[in-house]
Structures are given as C-alpha cells and as structure tokens.
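1. Predicted model and sequence below, questions to follow.
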Amino acid sequence: MEKLKYELELLRKLVKFNTDAIKKTYYRECAEVIKEECKKIGLKVDIYDGEEEAKDNISRPSVVAKLEIESDKTVLLLTHYDIVPEGKGWTKDPFNLTIEDNKAYGRGCADDKGCIAVALGAIKEVLDKSKYNVIFVSVPEEEIGGKYGAGYVSKKLNNIDEVLVLDAGNEYISIGASGVVFGEIKVYGDQGHAGYPFRYRNAAQDLIRLLYHLSEFSIIRARKISKFDAPPESPIPKNFGRFSITMLGAGEKENVIPGLAYARFDMRLIPEENYEEAINEFKTFFIALTNSLGIKAEISWIEGGGNYVSDPNSPSVIKFKKIASEEFNKDLKIVTEFGGNDGKYFANRNIPIISFGLAAKDTRFHGADEFAYLDDMLKLKSILIKYLTT
C-alpha cells in the first residue's frame, strides 16, 4: 500500500528481529534500527539502558527521541519493541513480514512493532506542523512487566504533560488498567512411600482441599466493582476484581507421597484500588482459611500493582476520543482495561494516560499468525497526525 510505504518498510526491518522478552535476544540490534530511523527523521536521540539498574550484564536499550518545537506542552508516545515467543502453529514466517489481504503478518505487527512504525511515520509528517513537543519512546521488557524498560526510562524523563500508550486495541479508548498481583502458595506435608499413605501427610491432597475453598476468594474479588467502565466484552458494564489459580505443581515420582505442593495465582485489581490493601485482604483470608482447615501452608511470595486510572473528562481524553471516533466512524467508548501496560510508570504524575493501538481483538496478538490491519495502521497514523497538529 503506497500510503504506508514508509511504515511497512520499517516494520519489515523490525519484524526480522526476534526480540523475545524471555530470552532477551536482539534487543540491541532492534533498538539500533529504531535509533537510526529517528535520526533520519531529524529527532534528537538518546539511549537509556536498563542494564544500568538491573546490573546483570544484559543490555536493555530504550530509544528516547525528541521533537522540540518550544511548545509549552509535551506529549509522550510510548511503544515497545520486545515480543512474546513466537510459539507454534504459524502458517507464515513469524520473522519475515508478509502482506496479504490488506493485513501485515509477523510477530509484533499488532503488539507492538506496528505501532512503532506508525508513530515514526506520523512524526515524520508533522515535523514542522506539530503543536506539541513530542517524545517518542520505544522500550524493551513490556511483555514481562517493564521494570527495566519503561520503568527505568520514566525516571529519566520530566516535564511530560500527557502520555499516549500506543499498545492496545482500537475497539475502545483506554484511560486506565487493572494491574495485577502475582503470588505463590506452598503447602507442606510429609514425603514418603506411596504404598503407605496412612503414614504420611500428602501435600498434594491438602493443596486440592485448600484450592477448593480458596475459590470463595474469587467471589470476594468479583464483588469489587469499579466506578469506571470495562471493555465492551466484559460480562458486566464496570471493571471488576478477579482471582485465578494459574499454575500447579507437586511430587517427585508416582510412588512417592509429595511433601511439598504449590500453586501460583493471578489477582486482578480494579483501577482505583489500593494494591497493598488488596494484598492484605488476601493474606487475611488465606491465614483464616488454612487455620480452619488445619493445613500447613504459606504465601511464599506475593508482589504486584500497576493499576491506575486517568480522568475521563480531561481535555486530552475528550480530544483523543473525538479524533479517533471520527476516524473509525463510530463512537469509541472510554474504558479501563482488564490487563495492564507501561502507562503505569507515569501514573503517579497526575497526567492523562491514553492507550490505543493496533491490537484489535481478532489480530491474534500473542498467537500464531499475528497480524495488523493495514487500514488500522492508516487510521492510527491519521489520528496521531491530527492529534499532534491541532
């Protein structure tokens, strides 16, 4: 598509890099391509490497490029170049851009390399027309929490008036996120020969009992109802709390009674909730439950947060909603997301944080044959150009 020639050429370069967030591969090479592209456009570029904080000899370069026009307002465009592992089931090469049926296929096309290409394409066209100072940021590590990506960069950037997180769907406009609390439960028993189960306490069976009753906490979490709207696919209109058991483990061998069993969980907050209070609520419930059941268990670790919400009535949100709704020719709802994003690292500044992107719900992001609609790329580019020039 001629109108996306620049964006697709850049996207082709970016997709080639398997910037796996787990293995941390090709971070430096991908960041170098983005850096050089920003320089070609005429932006002032800096690199902030999260390794300086991680101190593990693994480079995590974040690209920070600035368009400075001496405006009294600065907009941050936040993207990420890391990806989830490609997985199996692809019918196309995940690391070779394929254009077919007005779709761009490849790992990261929807989440989030397509947004990098579109953002730079938009900036390229507004250099002498922008009404704002613009800071374009592309980070690694978003897929694993972002501590040494956006988390590190956020400490280096000041005087930001609003953030556009270009890493979301486009069926709605997000102004907040649920955030998440992860943790692990360990149940202790007595290891021994399975031929003599009456001699030992089976940690796996105790875990099963514990989890059966722990399901009650899912109901307690579901009663946490936000005052902010949920995405359209939600079973209820407002965002709400969630609790899920996501991992289980126990045992050494078939004929050995396990002395240790574990489960890990995922607890989703509501955007306006205090995460420390949520953690304490779970701990209190857990202790009471294990005492009542007579089970020896502990929460071996628990951590998280990242929930936030912006004012849905701020001028920035209203302006973005108007432009995006006109571009998509429908009234886009303002909601808070069930998941989270890197916007959390800027949430304590009391500035508008708006999330929007190319990851429409049918684009198979994180799955096989991930793609972005070319029409959506054009629309997002138009939205950014209009937003920055009005």
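-> That came through, no problem. Numbers count the residues shown, from 1 in each chain.

2. Check the secondary structure at Leu14 for me.
-> helix (DSSP: H, G, I helix; E, B strand; the rest coil).

3. how far away is it from Glu36?
-> Using CB to CB, to the nearest Å, Leu14 is found at 12 Å from Glu36. The C-beta positions use only the backbone N, C-alpha and C, and glycine is treated the same way.

4. Which one's more surrounded, those two?
-> A direct count of neighbours by other CB atoms under 10 Å for Leu14 and Glu36 places Leu14 higher, at 24 against 13.

5. hey, what's the closest residue in space to Glu142 that isn't next to it in sequence bridged with?
-> Excluding the flanking residues, the one nearest Glu142 by CB to CB, 6 or more residues apart in numbering is His80, at 3.6 Å. Taking DSSP bridges as the rule, His80 bridges to Val139.

6. what do you get for Ile257?
-> On the basis of DSSP bridges, Ile257 is bridged to Gly192.

7. Give the buried residues for the one helix or strand Cys38 maps to.
-> Element membership for Cys38, per DSSP states H and E: helix 27-41. Neighbour-count burial for helix 27-41 flags 27-28, 30-31, 33-35, 37-38, 41 (criterion: 16 or more other CB atoms under 10 Å).

8. Farthest-apart pair in those residues, please.
-> Tyr27 and Ile41 (21.5 Å; CB to CB).

9. What is the neighbour count of Lys92?
-> Applying other CB under 10 Å, we find 16 residues neighbouring Lys92.

10. Repeat that for the one 5 residues further on.
-> The burial count assigned to Leu97 is 22, neighbours taken as other CB under 10 Å.

11. Just to check, it is in contact with Ala104?
-> Yes - using CB atoms under 8 Å, Leu97 makes contact with Ala104 at a distance of 6.2 Å.

12. Contacts only, for the closest residue to Glu68 other than its chain neighbours.
-> Excluding its sequence neighbours, the residue lying closest to Glu68 (CB to CB, 6+ apart) is Asn133, at 5.3 Å. Asn133 makes contact with 66-71, 73-75 under the criterion CB atoms under 8 Å, 6 or more residues apart in numbering.

13. about what we covered before: wait, the residue nearest to Glu142 sits on Asp167?
-> Yes - using CB under 8 Å, His80 is in contact with Asp167, at 6.2 Å.

14. Give me the common contacts of the two.
-> Jointly contacting His80 and Asp167 under the rule CB under 8 Å, 6+ apart are 112, 142, 342.

15. Which segments of this structure make up each domain?
-> Annotated domains of the chain cover 2-177+307-389, 180-305 [automatic domain parsing].

16. Return the most buried member of the ones you listed.
-> Comparing the domains of the chain by mean neighbour count (mean count of other CB atoms under 10 Å), domain 2-177+307-389 ranks first with a mean of 20.
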